[in-house]
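> Here is a sequence with its predicted model. Questions after.
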Amino acid sequence: MVKQAVVFPGQGAQRPGMALDFVEQFDVSKQVFDQANQALPFDIVDLIQSEEEKLNLTEYTQPCILTAEMAMFVALKKYFGYQPQYFAGHSLGEYTALVAVGAMPLEVAVKLVHLRGQLMQKAVPAGEGSMAAIINDGLAVDEIRSLCDSFEVDVANDNSPTQVVASGRKEGVDQVIVALEPEVEAGMRVVPLVVSAPFHSRYMAVIEDQFKQALNEVRGELDAPKATKVISNFLGNFHTGDTDDLIDALTRQISGTVRWRDNMKMLIDVADEIVEVGPNRPLRGFFKAMDSNIKAVIDVRSANKAFGTPQEVS
């Protein structure tokens with residue numbers, strides 16, 4: 001039996017119209033959007049169709065991406081027979097993975113990530129935070145981390161052997177960029193990211209207590225044993241199956257490094273085939289840097305290419 005894994009991208013993968021072709025074609029996809037709409041104070045379809053500027057605001061981006069990814073995933077299960085055994089997601093995508101495996105109800109998840117986005121934006125006012133991708137073959141992550149720390153900047157994402165992302169106050173990230181100028185002359189690339197806050201940095205820690213309280217309020221609806229098939233960004237390993245551990249890992253993920261390279265190593269070790277499911281395919285390049293080729297499903301057309309003609313699977 002071929003062992004399969006699914007991975008879900010996070011914030012930055014959004015695009016207008018995402019997953020609406022699934023909604024038009026598959027009943028289960030429409031049901032996901034209907035469930036999310038009942039749980040949220042705004043209409044996701046309207047927002048995705050016509051409010052691109054709002055779609056890029058983190059409090060809306062997060063529940064919209066999660067809903068779109070789940071709408072795609074349930075259709076792949078019902079109509080394409082896709083049944084992965086292992087699950088992972090990048091940052092926000094970890095919540096999609098938890099919903100997909102049955103460890104967290106969709107209605108609970110969209111409310112949590114809506115709150116998560118609101119809190120993240122409030123933690124650091126817009127314009128005061130910054131992030132930058134640092135790209136280089138043979139990247140020495142420990143050296144980058146040490147340099148960042150000297151300017152009170154954090155490694156937000158350890159994405160691959162060739163990319164990390166620095167995150168912190170704008171002045172600190174600017175200082176890191178200046179300090180890396182000699183490396184840039186030698187071939188390194190440093191790409192400032194368009195973001196509204198310094199995600200996965202020490203400056204997000206101020207919201208963790210409030211978010212943990214929200215997680216504890218829904219602990220009775222979490223099925224932590226099912227999460228043992230999901231890899232934690234914070235731990236770099238599979239979730240333990242303990243509810244307290246799950247809540248702690250999701251809380252600390254907010255200010256902690258997304259250990260995506262470790263996540264990929266785990267998946268490559270256990271799975272024969274990996275599929276990225278989301279509105280865009282940013283994770284495919286990270287796997288390629290690990291010498292692993294994965295499939296990507298971003299719309300119905302690419303689902304047909306990956307899995308063949310859809311038909312209802314019992």
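Here it is on my side, so go on. In this text the structure is predicted, and so the values were computed from the model without any measurement. Numbers count the residues shown, from 1 in each chain.

> For the stretch 51-200 of the chain, give me the ranges with low pLDDT.
Across the stretch 51-200 of the chain, not a single residue meets the criterion (pLDDT under 70).

> Break down it into its strands, ranges please.
Counting by DSSP state E, counting those that start in this stretch, one finds strands in the stretch 51-200 of the chain at the ranges 86-89, 129-135, 154-160, 163-169, 189-193.

> Residue 285: what's its closest spatial neighbour, skipping adjacent residues?
Setting aside the residues directly before and after it, residue 285 is nearest to residue 160 in space (Cβ to Cβ, 6 or more residues apart in numbering), at 7.5 Å. For every residue, glycine as well, the C-beta is placed using N, CA and C.

> Report the contact partners of that neighbour.
Applying Cβ atoms under 8 Å, 6 or more residues apart in numbering, we find residue 160 in contact with 260, 261, 264, 285, 286, 287, 289, 290.

> do you know how far the nearest residue to residue 20 once chain neighbours are set aside is from residue 190?
In space, and not counting its chain neighbours, residue 20 is closest to residue 48: 6.5 Å by Cβ to Cβ, 6+ apart. Remark: distance between residue 48 and residue 190 (Cβ to Cβ, to the nearest Å) = 32 Å.

> So between those two, which is more surrounded?
More neighbours sit around residue 48 than around the other of residue 48 and residue 190, counting by other Cβ atoms under 10 Å; the figures are 26 against 18.

> I'd say that one and residue 65 touch.
No: judged on Cβ atoms under 8 Å, residue 48 makes no contact with residue 65 at a distance of 9.8 Å.

> Give me the common contacts of those two.
With Cβ under 8 Å, 6+ apart as the test, residue 48 and residue 65 both reach residue 18.

> re earlier: pick the one among the contacts of residue 160 closest to residue 142.
Each of the contacts of residue 160 was scored against residue 142 by Cβ to Cβ, and residue 261 proved nearest at 12.8 Å.

> quick one: contacts for the closest one?
158, 159, 160, 161, 286, 290.

> Please render those as CSV that adds distance to residue 101 to the earlier fields.
As requested, those are exported to CSV (distance: Cβ to Cβ, whole Å):
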residue, distance to residue 101
158, 24
159, 23
160, 24
161, 28
286, 21
290, 23
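
> Many thanks, we can stop here.
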